[in-house]
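A.B. asks: I would like to see how this sequence folds:
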Amino acid sequence: MSMIAVETKFGRLGVEETDGALTRLVWDGQDVGEPTDLLREAVAQLKAYDDGRLDRFDLPYRVHGSMFQKQVCDLMYAIPLGETRTYGDIAKELGQPAQPVGQACGANPIPVIIPCHRVLSATGLGGFSGAGGVETKVALLRHEGAAGLLI
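C.D. replies: Numbers count the residues shown, from 1 in each chain. As a prediction, this is how the structure comes out:
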């Protein structure tokens with residue numbers, strides 16, 4: 001396991017790699033171990049995202065958890081920049097209730113790269129498990145040009 005940290009307008013983000021795939025993103029991350037080519041690429045993509053030059057992350061990731069958790073993360077990863085979905089939209093696609101989808105979003109181990117911030121409740125923003133909570137979710141959505149959804 002290695003981690004590399006990068007400063008962004010959303011905080012200091014640490015990205016962790018295990019066996020050739022990203023497995024975690026944390027706020028206030030630290031450099032741990034030797035940076036790999038994948039971690040250097042993750043930093044380059046996070047910087048490009050931060051600068052508004054990247055509209056889709058293209059990085060291998062691995063989510064440890066149930067098949068349902070992995071399915072929710074895969075569907076979140078596919079949400080285009082500037083767009084959002086609701087917990088209900090994802091639930092309908094999976095044939096599941098919305099509440100477990102919300103729980104799976106909250107358990108997303110790789111926020112920002114797997115954009116759980118693009119998933120909203122039917123009546124508002126929903127939650128956000130990253131540092132800063134909903135304020136960070138709003139900042140990410142504004143950064144992506146989805147702020148019109150917040151008015």
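A.B. asks: pretty sure residue 62 is touching residue 17, no?
C.D. replies: No. Counting by CB atoms under 8 Å, residue 62 stays clear of residue 17, with 9.5 Å between them. Just so you know, the C-beta spots here come from the backbone N, C-alpha and C atoms, and that holds for glycine as well.
A.B. asks: overlap in contacts, these two.
C.D. replies: Both residue 62 and residue 17 are contacted by residue 23, under the criterion CB atoms under 8 Å, 6 or more residues apart in numbering.
A.B. asks: out of the two, which sits in the busier spot?
C.D. replies: residue 17 (24 against 17; other CB atoms under 10 Å).
A.B. asks: quick check: bridge partners of the more buried one?
C.D. replies: Legend: beta-bridge partners of residue 17 under DSSP bridges are residue 2, residue 22.
A.B. asks: that one touches residue 37, doesn't it?
C.D. replies: No. Taking CB under 8 Å as the definition, residue 17 is not a contact partner of residue 37, at 9.6 Å.
A.B. asks: any idea how far residue 40 is from residue 15?
C.D. replies: Separation of residue 40 from residue 15 (CB to CB, to the nearest Å): 10 Å.
A.B. asks: wait, I meant residue 73
C.D. replies: To residue 15, residue 73 is 15 Å away according to CB to CB.
A.B. asks: which one of the two has more residues nearby?
C.D. replies: Higher neighbour count among residue 73 and residue 15: residue 15, with 28 against 22, using other CB under 10 Å.
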